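**Student:** Structure for the following, please:
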Amino acid sequence: MISFVQALLFTTATGAALRPRQANNGCCFQLASVGMVNETVLEDHVGDLLLGGTFQQGGFCLDKTTKTIQDSLRHNCFMRAPDYQFECYQGAVGTTAFDIAPPKADGKSYLTYDDSPGVFYACPIDSESYDIYSSDKADKTGCVSVALALVDETAACSATTSNSTLSIRSKPLHRIPLPTRPLRRQSSRQSCTIDASAPSLAPYQLHHNNSSVSSGSNDTSAEVVISRNYSTVFDYDIPDTFPPANTAGESSLCALQFRMPVCTTLPKGYPCYSFSGLEQEVLSNSGMTFHLVDDDGNATWNSTELHQVFPGENTTIGTFECGQAAGYGESRKMSWHVSSVRDFSLEFLQAGVGQSAQFQNGVGAWIVPCQ
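**Tutor:** Modelled structure (predicted):
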């Protein structure tokens with residue numbers, strides 16, 4: 001039996017040569033990312049898995065009974081606390097439960113984990129390579145979501161079934177789709193920690209239109225439609241007392257936060273949302289843009305950035321300086337035009353608006369102060 005040290009010396013000498021498959025008749029495969037980063041999954045000399053670079057291609061086998069993965073050196077693979085990095089080490093055991101989703105419309109099968117849809121995060125190491133993490137990674141600044149597709153898999157993999165990939169398909173707002181698993185994601189370009197008890201402002205009205213020029217508004221309507229053919233403008237009226245001044249009298253940072261609770265956690269009587277699904281977001285790299293169309297304070301804002309929202313998350317869309325510019329009265333007006341990118345669709349009732357004003361823990365976009 002080859003020792004770990006011997007294997008290390010061998011792989012160092014052979015460079016990018018492929019490791020042999022494990023000698024069994026099970027489900028064995030290689031992996032490649034699909035999304036904003038499209039690279040083969042490689043494995044370095046210490047067991048870290050990465051995308052891009054000069055290390056050799058990783059080979060893996062799934063034990064369908066125990067839902068565990070080993071690399072071609074029979075090292076166990078996992079993503080565990082505190083880093084949640086995808087890696088394979090000799091003797092190490094993690095709690096990650098891996099599975100394989102049935103082939104999608106593109107004909108590919110995808111790796112999933114922990115009964116989730118299989119969203120991974122590629123976080124840059126340098127200009128050419130990325131480390132791979134699970135969705136439990138706390139700080140995803142600079143990371144992008146990807147899926148991991150099976151490549152050159154054995155016949156045994158096609159018999160693997162999975163219940164892990166859940167997505168909410170288009171349904172009327174009054175119906176309750178299947179719940180999805182919670183994920184975590186942060187897309188703020190500035191550091192912003194938001195306390196769960198922080199005060200928050202819902203929009204006071206919504207515009208429903210197909211461009212940034214409003215075709216009319218209804219301050220009693222809370223319905224939001226974001227799709228290929230529809231967009232929505234969110235109008236906010238920010239009092240000069242929001243947020244409360246800090247003791248140092250310094251300027252505060254505020255954020256636009258999008259909340260998307262899992263359907264089963266929504267308040268009684270609040271309808272679930274209609275959603276094109278996590279698979280569609282990750283595999284098509286779809287989502288929304290939040291274009292700042294009106295602001296008395298002239299905030300700096302990236303109106304072209306793609307934002308992806310996932311069930312179970314509060315996503316920081318962006319940050320801006322709180323407060324009111326001189327000469328604009330007692331409140332600050334801000335409006336964002338929200339549009340679909342690459343056929344993303346989401347329909348919901350914005351909590352805090354109109355007849356949904358009583359639902360302060362529902363779905364939608366809120367202005368909140370950063371700590």
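**Student:** now do the same end-to-end measure for stretch 242-253.
**Tutor:** Here the two ends of stretch 242-253 are set 11 Å apart, with distance taken as CA to CA, to the nearest Å.
**Student:** same question, stretch 295-312
**Tutor:** The stretch stretch 295-312 measures 30 Å between its terminal residues, going by CA to CA.
**Student:** Poorly predicted segments of this structure, please.
**Tutor:** The chain contains residues with pLDDT under 70 at 1-25, 159-190, 210-220, 245-251, 325-329.
**Student:** Verify the contact between residue 99 and residue 113 for me.
**Tutor:** Yes. Under the criterion of CB atoms under 8 Å, residue 99 makes contact with residue 113 at 7.1 Å. In this view, the C-beta of every residue, glycine as well, is placed from N, C-alpha and C.
**Student:** Tell me where the stretch 201-350 of the chain has strands.
**Tutor:** Applying DSSP state E, counting those that start in this stretch to the stretch 201-350 of the chain gives strands spanning 205-209, 223-226, 231-239, 253-260, 274-275, 287-295, 313-321, 331-341, 346-349.
**Student:** For the fifth one, name the packing helices and strands.
**Tutor:** Under the contact criterion of 3 or more CB pairs under 8 Å, 6 or more residues apart in numbering; DSSP states H and E, strand 274-275 touches strand 346-349.
**Student:** Centre of the chain to the strand it packs on, how far?
**Tutor:** 18 Å (CA atoms, centre = their mean, to the nearest Å).
**Student:** after that strand, next one along is what?
**Tutor:** strand 364-369 (DSSP states H and E).
**Student:** got the contact list for that next one?
**Tutor:** 194, 198-203, 224, 234, 236, 238, 242-243, 252-259, 290, 317, 322, 334, 336, 338, 348-353 (CB atoms under 8 Å, 6 or more residues apart in numbering).
**Student:** Report the buried members of the residues you listed.
**Tutor:** 194, 198, 200-203, 224, 234, 236, 238, 242-243, 253-259, 290, 317, 322, 334, 336, 338, 348-353 (16 or more other CB atoms under 10 Å).
**Student:** residue boundaries of the helices in the chain?
**Tutor:** 4-14, 278-284 (DSSP state H).
**Student:** Identify the residue spatially nearest to residue 278, adjacent ones excluded.
**Tutor:** residue 117 (4.2 Å; CB to CB, 6 or more residues apart in numbering).
**Student:** What's the local residue count around that neighbour?
**Tutor:** Neighbourhood size, residue 117 [other CB atoms under 10 Å]: 24.
**Student:** That one and residue 280 touch, don't they?
**Tutor:** No. Checked against CB under 8 Å, the pair residue 117 and residue 280 is beyond contact range at 10.4 Å.
**Student:** which residues in the stretch 1-150 of the chain form strands?
**Tutor:** Using DSSP E, counting those that start in this stretch, strands in the stretch 1-150 of the chain cover 27-35, 41-43, 49-51, 56-57, 60-63, 68-71, 76-78, 87-89, 98-101, 110-113, 120-124, 130-134, 144-151.
**Student:** closest to residue 344 out of those?
**Tutor:** When the strands of the stretch 1-150 of the chain are compared by CB to CB, strand 144-151 sits nearest residue 344, at 13.0 Å.
**Student:** Can you give me the buried ones in the closest one?
**Tutor:** The neighbour-count check on strand 144-151 (16+ other CB under 10 Å) flags 144, 145, 146, 147, 148, 149, 150 as buried.
**Student:** Just the closest of those residues to residue 49, please.
**Tutor:** Checking the buried residues of strand 144-151 one by one against residue 49 (CB to CB), the nearest turns out to be residue 148, at 9.5 Å.
**Student:** ok, the closest one touching residue 31?
**Tutor:** Yes. Residue 148 lies in contact with residue 31 (CB under 8 Å); the separation is 4.8 Å.
**Student:** Show me whatever sits in contact with both of the two.
**Tutor:** By CB under 8 Å, 6+ apart, residue 148 and residue 31 have these common neighbours: 41, 111.
**Student:** Name the surrounding residues that touch stretch 40-55.
**Tutor:** Contacts of stretch 40-55 (CB under 8 Å, 6+ apart): 8, 11-12, 15-16, 19, 30-33, 37, 39, 56-58, 71, 75, 77, 85-90, 122, 125, 128-132, 146, 148, 151.
**Student:** Buried ones among the residues you listed?
**Tutor:** Buried among these by 16+ other CB under 10 Å: 11, 19, 30-33, 37, 39, 56-58, 71, 75, 77, 85-89, 122, 129-132, 146, 148.
**Student:** Who does the closest residue to residue 318 other than its chain neighbours form a beta bridge with?
**Tutor:** Spatial nearest neighbour of residue 318, excluding adjacent residues (CB to CB, 6+ apart): residue 256 at 5.6 Å. Counting by DSSP bridges, residue 256 is bridged to residue 318, residue 367.
**Student:** Break the protein down into its domains, please.
**Tutor:** Following automatic domain parsing, one finds the domains of the chain at 4-159, 205-369.
**Student:** what about the first one, distance to the chain center?
**Tutor:** Looking back up the chat, that one is domain 4-159. On CA atoms, centre = their mean, the centre of domain 4-159 falls 19 Å from the chain's centre.
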